[in-house]
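*Asks:* Structure, please.
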Amino acid sequence: MLNAKVLISGASIAGPSLAHWLTRYGAVVTVVESAPALRAGGQLVDVRGSARGVLDRSGLADAVRAARTGADGLSFVDTHGRRQASVHADDFSGDGPVAAIEILRGTLSRIFYDATSEVVEYLFGDRITGLDERADGVHVTFETMPARVFDVVIGADGLHSSVRDLLFGPGNPRLRHLGTYLSFWTAQNTAGLENWTEVYSEPGRTILTRAIRDNTAVMAALSFRSAEFAYDYRDSGALKAVVRSRAAGMGWQADTLIRQIDQAPDFYFDSCSQVLQPRWSSGRIGLVGDAAYCASPLSGHGTTMALMGAYILAGELARAEGDFAAGLRAYDDRLRPWITQIQTSAPGNGKTMTPNTALGIEFRRRMVQLQEHQPVKSLVRRAQIQMSNAFALPDYTRLEATRRR
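*Replies:* So this is what the prediction gives:
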């Protein structure tokens, strides 16, 4: 990919990760991000299974592990805070409900940004408004910047991808709502939680806290089951009102946590939806991460999929030796079976995280308790670990050597 000009839309995780790999193959990379600066904070994300191998090959594994949040395990609690059942991080070799590598989204993004900022052009506060593929490349118009031409354009701009809409048409018929909504925000660690997660559920809704920042704060999260409803994901005031309404009357620490959403700098709310996209590219324009194949937070693999997708996409583009459309198709062919497997698992995870009935909550508690015993523990452990590690990483190292010739 020596000197190929690549434009990436989105500077969360998939975008800077893709930029990192593309520059190793000699590409000239530009990343455009609609936010005025790199987004800090954000929810906790996991790096699982084969994606840990991607980190190892990237040379950034030590930095990621040094910045991770302590994660010893998770407990389901009753309204008085008494722990009813627990899962330990080491029960699943780092690929269970609590992963071995858990890190704030903004921190992981910053690590890849810092590793690439000297060789990648980052453009903040702008966005793509038009894409026109011609014989000489993809002609791109921006909201504020003059038009430019690139050899390849990649949308890494998340669930509500504007690049996807420009490429395949407006609207989102490809989104599948999984019956759950989810909100995250940073709150005070008033309960003194240490390297642990506590989860409290009532029928149809769940609230949890997860110790972060050396136990000086918690990441709070509320999930609730609901049919799909209309909302503006950019209107934080209206979304906070939804969270207050859905959490009203909950027990445990709910009131204390909900009162802090107005002060939280990283409040997030969205539906748990999947992107079911029959193609991830057209010509020399493609998608990666949630823009292409969001499995929803319920999958527990969003960041893992983003890191894997960036690695495979960059490698296949480099291997295509200038036939970028072929490289994009090869990326789709190689990665899609594993992505489909993960997407298939997510709806069941939503029912486990937020049971609709008191009976469902009790059933979950008993199942978690059973997992402490053989052979149930071995069966559950094996299924979880196999899915996270089911993708065998191809080796693109020789393509880096080609770049240096």
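*Asks:* and the helix or strand where Arg329 lies, which residues are buried?
*Replies:* Using DSSP states H and E, Arg329 falls within helix 324-353. For helix 324-353, burial by neighbour count (16 or more other CB atoms under 10 Å) applies to 324-325, 327-332, 335-336, 338-339, 342-343, 345-347, 349-351, 353. For every residue, glycine as well, the C-beta is placed using N, CA and C.
*Asks:* pull the longest strand from the chain.
*Replies:* Once the chain is assigned using DSSP state E, the strand that runs over the most residues is strand 175-188.
*Asks:* Show me what it pairs with in its sheet, parallel or antiparallel.
*Replies:* Strand pairing for strand 175-188, using DSSP bridges, gives strand 217-225 (antiparallel), strand 268-275 (antiparallel).
*Asks:* for the record, mean pLDDT for that strand?
*Replies:* Averaging pLDDT along strand 175-188 gives 93.
*Asks:* distance between it and the chain's centre?
*Replies:* With CA atoms, centre = their mean, to the nearest Å as the basis, strand 175-188 stands 12 Å off its chain's centre.
*Asks:* I figured Glu194 was touching Arg210, is that so?
*Replies:* No - using CB atoms under 8 Å, Glu194 is not in contact with Arg210; the gap is 11.2 Å.
*Asks:* Between the two, which is the more surrounded one?
*Replies:* Arg210 (24 against 11; other CB atoms under 10 Å).
*Asks:* which SS class is the closest residue to Trp185 other than its chain neighbours?
*Replies:* Leaving out its chain neighbours, the residue that sits closest to Trp185 by CB to CB, 6 or more residues apart in numbering is Ala264, at 3.7 Å. The three-state assignment at Ala264 reads coil, by DSSP: H, G, I helix; E, B strand; the rest coil.
*Asks:* now the helices: where do they sit in the stretch 251-400 of the chain?
*Replies:* Secondary structure of the stretch 251-400 of the chain, counting by DSSP state H, counting those that start in this stretch: helices at 254-258, 290-293, 302-319, 324-353, 358-370, 376-388, 397-403.
*Asks:* Flag the shaky bits of the stretch 1-150 of the chain, pLDDT-wise.
*Replies:* For the stretch 1-150 of the chain, applying pLDDT under 70 flags the ranges 92-96.
*Asks:* sorry, back to before: save the strands paired with strand 175-188 as JSON lines, and put in mean pLDDT too.
*Replies:* Formatted as JSON lines, the strands paired with strand 175-188 follow (pLDDT from 0 to 100):
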{"stretch": "strand 217-225", "mean pLDDT": "95"}
{"stretch": "strand 268-275", "mean pLDDT": "93"}
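*Asks:* Of those, which is nearest His20?
*Replies:* In terms of CB to CB, the element of the strands paired with strand 175-188 nearest to His20 is strand 268-275, at 23.1 Å.
*Asks:* how about the CA coordinates for the closest one, as CSV?
*Replies:* This file holds the C-alpha atoms of strand 268-275, laid out as CSV (Å, rounded to 0.1, in the frame of the first residue of the first chain):
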residue,chain,number,x,y,z
TYR,A,268,-24.2,7.8,26.9
PHE,A,269,-27.6,6.4,25.9
ASP,A,270,-28.6,4.3,22.9
SER,A,271,-30.5,1.2,21.8
CYS,A,272,-28.9,-2.2,21.8
SER,A,273,-29.1,-2.7,18.1
GLN,A,274,-27.2,-4.8,15.5
VAL,A,275,-26.1,-3.7,12.0
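*Asks:* tell me which residues in it are buried?
*Replies:* By neighbour count on 16+ other CB under 10 Å, the buried set for strand 268-275 is 268-275.
*Asks:* isn't Leu317 right next to Phe324, touching?
*Replies:* Yes - the pair Leu317 / Phe324 is scored as a contact, 6.1 Å apart, by CB under 8 Å.
*Asks:* and for the two, which residues touch both?
*Replies:* Residues touching both Leu317 and Phe324 by CB atoms under 8 Å, 6 or more residues apart in numbering: 4, 152.
*Asks:* out of the helices of the stretch 251-400 of the chain, which comes closest to Val87?
*Replies:* Among those, the nearest to Val87 by CB to CB is helix 358-370 (6.1 Å).
*Asks:* what sits up against that closest one?
*Replies:* So helix 358-370 is contacted by 76, 84-87, 201-203, 351-352, 355, 376 (CB under 8 Å, 6+ apart).
*Asks:* Format those as a markdown table; extra columns: distance to Val28.
*Replies:* Listed next are the contacts of helix 358-370 as a markdown table, based on distance: CB to CB, whole Å:
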| residue | distance to Val28 |
| --- | --- |
| Phe76 | 50 |
| Gln84 | 55 |
| Ala85 | 52 |
| Ser86 | 50 |
| Val87 | 46 |
| Ser201 | 50 |
| Glu202 | 53 |
| Pro203 | 54 |
| Lys351 | 46 |
| Thr352 | 45 |
| Pro355 | 50 |
| Val376 | 53 |
